[in-house]
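Undergrad: What follows is a predicted structure for the sequence shown.
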Amino acid sequence: MKEVIARSKAIRDRYHQLEIQQNGQSWSAEQDALAFLTDAALVGRFVMDKEASWPTSQTDTSLSYKIGETMW
């Protein structure tokens with residue numbers, strides 16, 4: 001578990017760098033929470049699409065990629 005936590009923190013640090021580069025500051029906890037909720041909802045939509053109960057036009061993002069985004 002310590003390794004997973006360390007990797008998550010390293011990924012978050014990289015995201016902070018990207019956010020600062022793009023927006024001049026890193027995201028707040030509120031922005032992180034909203035982004036997570038959006039990603040979690042998209043996981044649900046992609047699962048529904050795989051089960052043919054929710055048609056989606058988003059072909060550029062895969063289910064496994066979106067699950068990975070919610071894991072860190």
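TA: Cool, got the structure. Numbers count the residues shown, from 1 in each chain.

Undergrad: Now residue 32: which helix or strand?
TA: helix 29-50 (DSSP states H and E).

Undergrad: Ok, residue 4 next?
TA: helix 2-23.

Undergrad: Next, the angle from that helix to helix 29-50.
TA: Angle, helix 2-23 to helix 29-50, by axes from the mean of the first three to the mean of the last three C-alpha atoms, to 10 degrees: 110 degrees.

Undergrad: who's in contact with helix 2-23?
TA: 25, 26, 27, 71, 72 (C-beta atoms under 8 Å, 6 or more residues apart in numbering). Yep, even glycine has a C-beta here, placed from its N, CA and C like the rest.

Undergrad: Disregarding flanking residues, what is the spatial nearest neighbour of the fourth one?
TA: The one in question is residue 71. Closest residue in space to residue 71, ignoring its immediate chain neighbours: residue 8 at 8.0 Å, by C-beta to C-beta, 6 or more residues apart in numbering.

Undergrad: again, but for residue 42
TA: Spatially, and ignoring its direct neighbours in sequence, residue 42 is nearest to residue 66 (5.2 Å; C-beta to C-beta, 6+ apart).

Undergrad: Convert the helix or strand encompassing the one you found to CSV, retaining C-alpha atoms only.
TA: Using DSSP H and E, residue 66 sits within helix 63-71. In CSV, the C-alpha atoms belonging to helix 63-71 read as follows (Å, rounded to 0.1, in the frame of the first residue of the first chain):
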residue,chain,number,x,y,z
LEU,A,63,-12.6,2.3,-20.3
SER,A,64,-9.2,1.1,-18.9
TYR,A,65,-7.6,4.5,-19.4
LYS,A,66,-10.5,6.2,-17.5
ILE,A,67,-10.4,3.7,-14.7
GLY,A,68,-6.6,4.4,-14.4
GLU,A,69,-7.3,8.1,-14.1
THR,A,70,-9.6,7.5,-11.2
MET,A,71,-7.1,5.2,-9.4
